[in-house]
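Participant: just to be clear, the model below is a prediction. Sequence and coordinates:
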Amino acid sequence: MDKLRNMEVFMAVVEDGSFAQAARRLDISAVMVGKHVQQLEAHLGARLLQRTTRRHSLTEVGRSFYEDSRQVFEQLRWAESAVERSRSAPQGLLRISAPTTLGNHVIAPLVADYQLANPLVRVDLQLSDSMADLVGENIDVAVRIGPVGGEGLVARPLQPYRMVIAAAPSYLRRRGHPRGVDDLARHDCLSYAVWQRRSEWILRGDGSGSVQWPEDARLRCNSGDGLRHAALRGLGLILQPEVLLAADMAAGRLVPVLQDCVPLPRPVHLVYLPDRRQLPKLAQFVDHMVRALGAA
């Protein structure tokens, strides 16, 4: 029996809230997750999880064992990092988290360049618009858009995240150019369905205060790239990150409009835990990213 693997799976179940979510994180089946937990409980002679048909919860013994397991894995990671710090050449597994759009269009190509220069480093690049827990998910470094919270992290500033409003030339010939945010009510707007009021991008108005992107959109989609394809076909105006639309604007397939009304840029940071900064794989990755994207 692999005790450490069983403990790792058990911790994933607790942290992710379900066998299915833990299975996705660990890239194994939910049935295998259950077997690992059962083996651990049999070895310990105690029930760690109280199961029902719909959910599970920690027993008192399970809660205590989870906390002790976290300490064991923290000590294990520290021991591994001590070995890594003694090596001069970057090597080993580097776990990176980044937002989806910025990750696809900017971070992933830079990661590939980094790996070409450091062939002994393997990378696990996780793209998600949810905020990764660096400790709980064992992430080495994350790219975050927006203010950095007080988590005791080292934060290196990168180029700000900018938004643009654009449309295809065919749409603008048919419907005309909007001259101000008030004109949006008379245009077909394409809306990103994932935005919520707490994370909505606010437009700068023409002396009438700030306004939100119209809710009564002609098309709502939970994919920025899906909206981009619709805009390219001339369906309407799009508000999306500059990194997503830059190539289309440079080629003339999309035309920027209302450039004085776009939302204010948001800060972007590369964040990592202070005790990991001396790892060669991380130190060189941070230097690589700052050289490529460092804030002016």
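Facilitator: That came through fine. Residues are numbered from 1 along each chain as shown.

Participant: quick one: the strands in the stretch 151-296 of the chain?
Facilitator: Using DSSP state E, counting those that start in this stretch, the strands of the stretch 151-296 of the chain run over 154-161, 163-167, 189-192, 202-204, 210-212, 219-221, 237-241, 255-257, 266-272.

Participant: buried ones in the longest one?
Facilitator: Along strand 154-161, these residues count as buried under the neighbour rule (16 or more other C-beta atoms under 10 Å): 154, 156, 158, 161. In short, each C-beta sits where N, CA and C put it, glycine included.

Participant: now, the most widely separated pair of these?
Facilitator: Val154 and Tyr161 (19.7 Å; C-beta to C-beta).

Participant: how near is Leu227 to Val271?
Facilitator: Between Leu227 and Val271 the computed distance is 28 Å (C-beta to C-beta, to the nearest Å).

Participant: those two: which is more packed in?
Facilitator: Neighbour totals were compared for Leu227 and Val271, and Leu227 leads with 25 against 19 (other C-beta atoms under 10 Å).

Participant: against Glu67, how distant is that one?
Facilitator: Per C-beta to C-beta, Leu227 is found 44 Å from Glu67.

Participant: excluding sequence neighbours, find me the nearest residue to Arg156.
Facilitator: Leu270 (4.4 Å; C-beta to C-beta, 6 or more residues apart in numbering).

Participant: next one: Pro280
Facilitator: In space, Pro280 is closest to Pro90, 4.3 Å off (C-beta to C-beta, 6+ apart).

Participant: can you read off the pLDDT for the closest residue to Trp201 other than its chain neighbours?
Facilitator: Spatial nearest neighbour of Trp201, excluding adjacent residues (C-beta to C-beta, 6+ apart): Pro263 at 4.1 Å. According to the prediction, Pro263 has pLDDT 90.

Participant: now swap in Ser86 and tell me
Facilitator: pLDDT for Ser86: 55.

Participant: from what I can see Val37 touches Met7, true?
Facilitator: No - using C-beta atoms under 8 Å as the test, Val37 is too far from Met7 to be in contact (10.1 Å).

Participant: who has more neighbours out of these two?
Facilitator: Ranked by neighbour count (other C-beta under 10 Å), Val37 and Met7 place Val37 first, with 23 against 19.

Participant: roughly how far apart are the more buried one and Ala108?
Facilitator: Distance of Val37 to Ala108, given as C-beta to C-beta: 34 Å.

Participant: A strand includes Val106, no?
Facilitator: No - assignment of Val106 by DSSP: H, G, I helix; E, B strand; the rest coil gives helix, placing it outside any strand.

Participant: so what's it up against?
Facilitator: For Val106, the contact set (C-beta atoms under 8 Å, 6 or more residues apart in numbering) comprises 243, 293.

Participant: 7 Å - rerun?
Facilitator: By C-beta atoms under 7 Å, 6 or more residues apart in numbering, the contact set of Val106 is Val243.

Participant: and what of Asp225?
Facilitator: Leu244.

Participant: same deal with the one 3 residues further on?
Facilitator: The contact partners of Arg228, by C-beta under 7 Å, 6+ apart, come to 238, 240, 244-245.

Participant: so which of those is the closest to Cys189?
Facilitator: Closest approach between the contacts of Arg228 and Cys189, by C-beta to C-beta: Ile238, at 8.0 Å.

Participant: count of neighbours near the residue nearest to Pro280?
Facilitator: Other residues within reach of Pro90, judged by other C-beta under 10 Å, total 21.
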